[in-house]
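Q: Build the 3D model from these lines:
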Amino acid sequence: MMESSSGISLARAEAFLRLFAILVLVLTACLLGFDTQTKLLFSTIKKTATFRDLGALQVVVYVDSVAAGYNLLQLGRGFISAKLKGKLINVSYVTLPWVCFLLDQAAVYTVFSVNTAALQGSIIAVTGESSLQWMKVCNRYTRFCIQVGGALLIGYLASLIMILLSSLSAFSLFRLYSPKQFLLLKPT
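A: Just a heads-up that it's a prediction; the model follows:
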């Protein structure tokens, strides 16, 4: 009875975290994707700053969208497996947790690294780089840069949520193994 109760609470925690991760990832992608600011330069030239001006921001929008889709698929897998408990196709009970664990690891590392790359590019936009003759951009497009900073901060929150999800995935996988012998499955 205790095992079943902890399994249900673990599934609920995973579902809640996946739903929260989806919302945060979509929020990050939308904040970056819809962020624009237009300025008039030299009284005649209109220049619009968008996420497409910095390649790393483009990658963040695309990767966060794909990561939200992946979490949505995993959320659907969790609901289907809860509804059809015991009626699913006979897949090895070890294979699916391994696949979920590895995909969760790949997703969290990808989201974190893309956010870090975008942060590095954004810092150059804030400070400029005189040795490469790159101008500061954020002194002209202040609102745009503040919104990008907020989106990257929310992207790191998404990374933290996905780290928690990856930890739950690891727990779900490694609880199938014996604590006494290396990689020996517990009897079913």
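
Q: Could you tell me the end-to-end distance of stretch 46-65?
A: Its start and end residues considered, stretch 46-65 measures 30 Å (C-alpha to C-alpha, to the nearest Å).

Q: who touches that stretch?
A: Stretch 46-65 has contacts (C-beta atoms under 8 Å, 6 or more residues apart in numbering) with 25-26, 28-29, 32-33, 35-41, 110-111, 114-115, 117-118, 120-122, 125, 137, 141, 144, 148, 151-152, 155, 158. Every C-beta, even on glycine, is put in place using the N, C-alpha and C of the backbone.

Q: how much distance is there from that stretch to the middle of the chain?
A: Centroid displacement of stretch 46-65 relative to its chain, using C-alpha atoms, centre = their mean, to the nearest Å, is 17 Å.

Q: And for stretch 71-84?
A: Using C-alpha atoms, centre = their mean, the mean C-alpha position of stretch 71-84 is found 18 Å from that of the whole chain.

Q: Identify each buried residue in that stretch, please.
A: Residues N71, L72, Q74, L75, G78 are the ones in stretch 71-84 that count as buried (16 or more other C-beta atoms under 10 Å).

Q: element containing the residue lying closest to the second one once chain neighbours are set aside?
A: Of all residues not flanking L72 in the chain, I22 sits nearest, at 5.7 Å (C-beta to C-beta, 6 or more residues apart in numbering). Assigned by DSSP states H and E, I22 falls within helix 2-33.

Q: Quick one: mean pLDDT for that helix?
A: For helix 2-33, mean pLDDT is 84.

Q: Quick one: name whatever helix or strand follows the helix or strand hosting D64.
A: Using DSSP H and E, D64 sits in helix 55-83. Remark: after helix 55-83, the chain's next helix or strand is helix 95-127, criterion DSSP H and E.

Q: returning to what we had before: quick check, nearest of the buried residues of stretch 71-84 to D104?
A: D104 has its nearest neighbour among the buried residues of stretch 71-84 in Q74, at 7.8 Å by C-beta to C-beta.

Q: Isn't the closest one up against R18?
A: Yes. Assessed by C-beta atoms under 8 Å, Q74 is found in contact with R18 at 5.8 Å.
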